[in-house]
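**Student:** quick one: sequence plus predicted model below, questions after.
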Amino acid sequence: MEYQNLLVENRDRILFITINRPEKLNALNKATLQELHNAFSSALSDGAVGGIILTGAGAKAFVAGADISEFSSFNNEEGEKLARTGQTTVFNIIEQGTKPVIAAINGFALGGGLELAMACHIRIAAETARMGLPETTLGIIPGYGGTQRLTQLVGKGRALEMILSADMINAEEAYRIGLVNHVVSGEELISSSEKLMRTILSRSPIAVSAAIRAVNASFDKESNGYETEISLFGSCFGTPDFNEGVSAFTEKRKPDFIK
Ligand code: COA
């Protein structure tokens with residue numbers, strides 16, 4: 001697939017997706033969101049992709065938000081459509097997809113950029129990264145799931161402080177409050193993300209997918225997460241991964257799961 005705003009490369013089962021509009025600090029315009037939809041949809045159905053690492057081009061920004069120039073004259077309906085389309089076609093697809101996604105936050109992750117990182121399953125930040133939800137400075141609120149996912153990740157009080165103040169926090173603070181999993185140097189960002197993804201890819205793909213679904217169910221108000229866990233736990237038995245995992249344990253060797 002050809003992309004104008006993304007660099008996409010599969011390196012030994014890890015798909016590296018780099019948002020590539022550095023002159024606009026990788027801001028999410030409509031075209032980029034459409035390409036992200038295409039890239040993630042295709043990655044999720046591509047047997048050659050085990051996991052995805054998402055980052056931004058250049059050293060300055062992961063993503064500096066939704067492209068403000070595109071919605072500056074929107075009315076109520078257009079605003080609602082922007083949020084709904086973004087949430088359903090990109091952010092929810094990443095979060096609910098059953099392949100692990102790591103956000104490698106290389107710089108500013110603001111507004112829709114932080115929302116994109118929060119839709120990923122794991123976040124690793126460069127020590128120079130800065131994160132925030134500055135929407136209230138523009139007279140709007142986060143619309144790509146930020147009010148929900150930030151609250152899930154850091155709790156209501158801290159989420160409200162970040163959203164109401166619109167202040168940015170640095171990587172160390174983001175780590176302290178649980179917004180990112182790790183902070184590493186800029187040089188190590190991609191290698192650390194890859195190392196963690198390689199570990200995940202060495203585990204049972206069936207179990208990894210089931211675990212993502214079960215954890216997501218804890219935030220799904222329509223489902224009972226405990227019931228989802230019971231059912232997914234049951235569904236793992238008798239799979240080739242289960243047979244291989246248990247055989248490997250008994251035979252005192254490392255499991256070699258079907259990729
Ligand atoms: N939408 C559209 N364009 C954006 C953008 C966004 N969210 N964020 C940055 N850009 C563009 C700037 O307009 C500028 O373009 P130009 O050179 O054509 O004028 C370019 O990216 C570089 O940004 P600039 O503001 O000059 O860099 P800076 O180092 O002075 O400031 C930021 C960096 C991140 C602090 C600043 O760009 C910013 O506040 N961006 C908007 C963040 C935001 O509110 N995001 C939430 C949107 S809902």
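**Tutor:** Ah, there it is. Numbering: from 1, shown residues only.

**Student:** when you work out contacts or count neighbours from here on, use the C-alpha atoms and nothing else.
**Tutor:** Fine.

**Student:** what's the domain layout of the protein?
**Tutor:** With domains defined by automatic domain parsing, the chain comprises 6-201, 205-250.

**Student:** what's the most buried one of these?
**Tutor:** With neighbours defined by mean count of other CA atoms under 10 Å, none of the domains of the chain is more surrounded on average than domain 6-201, at a mean of 19.

**Student:** tell me the phi and psi of residue 8?
**Tutor:** Geometry field for residue 8 lists phi and psi as phi -130, psi 120, criterion degrees, to the nearest 10.

**Student:** quick one: the strands in the stretch 51-200 of the chain?
**Tutor:** 51-56, 61-63, 101-105, 108-110, 122-126, 130-132, 169-170, 182-184 (DSSP state E, counting those that start in this stretch).

**Student:** quick one, which of those strands is nearest to residue 5?
**Tutor:** Counting by CA to CA, residue 5 lies closest to strand 51-56 out of the strands of the stretch 51-200 of the chain; the figure is 10.5 Å.

**Student:** take the domains of the chain and lay them out in TSV including mean pLDDT.
**Tutor:** Output for these, formatted as TSV (pLDDT from 0 to 100):
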stretch	mean pLDDT
domain 6-201	98
domain 205-250	97
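
**Student:** around the ligand, which positions in the protein sit nearby?
**Tutor:** For the chain, the residues found near the ligand under the criterion CA under 6 Å from any ligand atom are 23-25, 27, 64-69, 110-112, 134-135.

**Student:** now, which of the residues you listed sits nearest residue 220?
**Tutor:** When these are compared for distance to residue 220, the smallest value, 21.5 Å, is given by residue 112; criterion: CA to CA.

**Student:** residues contacting the residue lying closest to the closest one once chain neighbours are set aside?
**Tutor:** Leaving out its chain neighbours, the residue that sits closest to residue 112 by CA to CA, 6 or more residues apart in numbering is residue 65, at 4.2 Å. With CA atoms under 8 Å, 6 or more residues apart in numbering as the criterion, the residues that contact residue 65 are 26, 27, 28, 109, 110, 111, 112, 113, 114.
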